[in-house]
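> Using only what follows, build the 3D model:
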Amino acid sequence: MKNKLTIISILVFLFFGSVVFLRQIPHIVMNGHLQFLYYRITNLQEYAKTHNCMFFPQHYKSEVETYLSVEVPKSKKEMDKIIKEADGLYENFLKNSSKKLSLQDYGQQLNDYESALDSVEFKVYADILDITDKYLLIPFGGYPTDWSGALAKCFYPYFEKYNVDDSQLIELGNYIEQKQNELNKISKKISDYKIPKDDITDMRLLYKFPKQGIYYYYYQIFNPLNYKKPEEVQYTMNNHYTIFVYSENYSSSDFETLTVYDENGAMLNNIFIKDEPGFMYDMIINGINLKPQYYIAGQKGCENNNYKGDCPDICKFSTKENSNLQIKYTINPLEKKIVKQMEFDNGPIVLGNICGYRGWIYNSTA
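Numbers count the residues shown, from 1 in each chain. All right, here's what the predicted structure looks like:
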C-alpha cells in the first residue's frame, strides 16, 4: 500500500511538474535570448491546431465572449475619440497662418492618430491571446508581432474548434476600417488644401508650454533689433515669458519629450514633458539641446525707468563649432529701443548662464 501511494505521488508530481514546465518554456524563450528558436520551430497556427491542448474549453469560450461584449463597445468609443481629435487637428490647420511650414507636422500627427486606432484594436487582440494562454497546456508566452493579424492566427483555431462567437470581433474590424476611412478623408482635406499666397513662410510657432510661458519658434531670418513679441505669446502670472528661436523647422514632437542619456552615452529613457511646474527644467534643457540661434527672456515693463512696453533680453548664440560666445541685446531705457549690449563667454551654454544676467549695462560694446 505504501509503495502504491509513493508511485501515485511520484506520477502526480511528474504530471503537474510537466504541466508547469511546459507552461514556463514559452515565457522563458520569448522573454530571453532564444526567440529565434520559437519562430523557427513553431508555425503558430498549425501548431495550435494539431499539437496543443486546452483545459476547460467551455470556460474559455465564456470568458472570451464576455470580454468581447464589454471591451468592443469601449474600444469603439476610444476610436470615436481619436477621430474627434483628428477633426480638431483639421480645424487647427484651417486657423494656422503658417500652413506651408506646418504640413510635415500635421502629417506626423495624422500618422500618430492612425497608430492610435491600430493600438486600440491590437489591445483587444492581445487581451484575447492572454486569455487563451491561461487555458493552454503550452501557452504562446508572448506576442509574435505588433500586428493584430498575427495574434489572430494564434487564437482563431480555438475559436473555430470550440465555436467561440467572434461576431463582436468582426464588428470591431469593420468599425476600425470605417474610422480609418474617416481619417483618410481628413488627411486628404489637408493635403489637397490650396495654401494661399499670403501664407506665412518665414516664421512658425513650433511648440508651446503656455502655463510656464515657454515658446519655441522657427524663423527663416530673425533680427533681434526689430523684435516684437508674437501675438500668441502670453505673459505668465509672474509677468514673464521665454522664447527659443531656431533656424530649423522642427516638428512639434521634438519638444514633447526629453531624451535622457547615462554617463556612457546610452539612452536611458524619454521623459514626456507636461506643462506643469516640475517640468520647467526639462523644457529649458530640451530647448538648449536643440541648438537655438536665439534665446529671449521677456518681461512685462522695465525696472527703474518709464518704459511700459515689453522688456526682453535677447541672446544670440555663436554658430561656430566649440564656441560659447553669446551676444546680448536688450532695451536701452533712454532710447527705448533694442540695442546690442555686450559679448561674453561664460563657458558651455547651460541653464544658469544664458544671457549672463539681468540688469542694465551702459559700457556697451555696441
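
> Could you report the distance from Asp310 to Lys337?
Summarising the geometry, the distance separating Asp310 from Lys337, computed by Cβ to Cβ, to the nearest Å, is 12 Å. The C-beta positions use only the backbone N, C-alpha and C, and glycine is treated the same way.

> can you check Ser102 too?
With distances taken as Cβ to Cβ, Ser102 is found 32 Å from Lys337.

> May I ask you to name the longest helix in the chain?
When every helix of the chain is counted residue by residue (DSSP state H), the longest turns out to be helix 57-95.

> neighbour-wise, which of Asp310 and Lys337 wins?
Set side by side, Asp310 and Lys337 give different neighbour counts by other Cβ atoms under 10 Å, the larger being at Asp310 (19 against 11).

> what's that one in contact with, if anything?
For Asp310, the contacting residues are 228-229, 298-300, taking Cβ atoms under 8 Å, 6 or more residues apart in numbering as the criterion.

> Could you rerun that using 7 Å?
With contact set as Cβ atoms under 7 Å, 6 or more residues apart in numbering, Asp310 has these partners: 229, 298, 300.

> go on, Glu182?
Residues counted as contacts of Glu182 (Cβ under 7 Å, 6+ apart) are Ile83.

> Asn226 - how many residues pack around it?
Using other Cβ under 10 Å, the number of residues around Asn226 comes to 8.

> Could you list the buried residues of the very next helix or strand once past the longest helix of the chain?
Next along the chain after helix 57-95, taking DSSP states H and E as the criterion, comes helix 99-135. Buried residues in helix 99-135, counted by 16 or more other Cβ atoms under 10 Å: 99, 101-103, 105-106, 109-110, 113-114, 116-117, 120-122, 124-125, 128-129, 131-133, 135.

> tell me which residues in whatever helix or strand comes next after helix 99-135 are buried?
Going down the chain from helix 99-135, the next helix or strand is helix 148-161, by DSSP H and E. In terms of neighbour count (16+ other Cβ under 10 Å), helix 148-161 has its buried residues at 148, 151-152, 154-159.

> thinking again about what came up before, mean confidence score for the longest helix of the chain?
The average pLDDT for helix 57-95 rounds to 95.

> Test my guess that Lys189 contacts Tyr90.
Yes. Here Lys189 lies in contact with Tyr90, judged by Cβ atoms under 7 Å, at a distance of 6.1 Å.

> Which of these two has more residues huddled nearby?
For the pair Lys189 and Tyr90, the greater number of neighbours falls to Tyr90 (16 against 12), based on other Cβ under 10 Å.

> Can you name the residues that contact the more buried one?
Listed by Cβ under 7 Å, 6+ apart, the contact set of Tyr90 reads 186, 189-190.

> Which of the buried residues of helix 148-161 sits closest to Ile349?
The shortest distance between Ile349 and any of those, using Cβ to Cβ, involves Ser148 and amounts to 46.5 Å.

> For the stretch 151-300 of the chain, just list every one of the strands.
In order along the chain, the stretch 151-300 of the chain carries the following strands (DSSP state E, counting those that start in this stretch): 203-209, 214-219, 240-246, 257-261, 267-272, 294-299.

> can you list these in JSON lines and add mean neighbour count and mean pLDDT?
Shown next, in JSON lines, are the strands of the stretch 151-300 of the chain (neighbours: other Cβ atoms under 10 Å; pLDDT from 0 to 100):
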{"stretch": "strand 203-209", "mean neighbour count": "20", "mean pLDDT": "95"}
{"stretch": "strand 214-219", "mean neighbour count": "22", "mean pLDDT": "97"}
{"stretch": "strand 240-246", "mean neighbour count": "22", "mean pLDDT": "95"}
{"stretch": "strand 257-261", "mean neighbour count": "13", "mean pLDDT": "84"}
{"stretch": "strand 267-272", "mean neighbour count": "11", "mean pLDDT": "82"}
{"stretch": "strand 294-299", "mean neighbour count": "20", "mean pLDDT": "92"}
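
> Would you mind saying which of those strands lies nearest Tyr60?
Taking Cβ to Cβ, strand 267-272 is the member of these nearest to Tyr60, at 37.6 Å.

> How about residues contacting that closest one?
By Cβ under 7 Å, 6+ apart, the residues outside strand 267-272 that reach it are 256-262, 282.

> Below-threshold pLDDT in the stretch 51-200 of the chain: ranges please.
Along the stretch 51-200 of the chain, segments meeting pLDDT under 70 span 51, 141-146.

> correct me, but Thr132 touches Tyr156?
No. Proximity of Thr132 to Tyr156 does not meet the contact threshold set by Cβ under 7 Å, at 9.8 Å.

> Next up, the contacts around Glu248.
Shown in contact with Glu248 (Cβ under 7 Å, 6+ apart): Tyr218.

> ok, back up a step: I'd like to know which of the buried residues of helix 148-161 is nearest to Thr330.
Closest to Thr330 out of these is Ser148 (57.6 Å), distances taken as Cβ to Cβ.

> ok, for that closest one, nearest residue in space, not its chain neighbours?
Spatially, and ignoring its direct neighbours in sequence, Ser148 is nearest to Tyr125 (4.3 Å; Cβ to Cβ, 6 or more residues apart in numbering).
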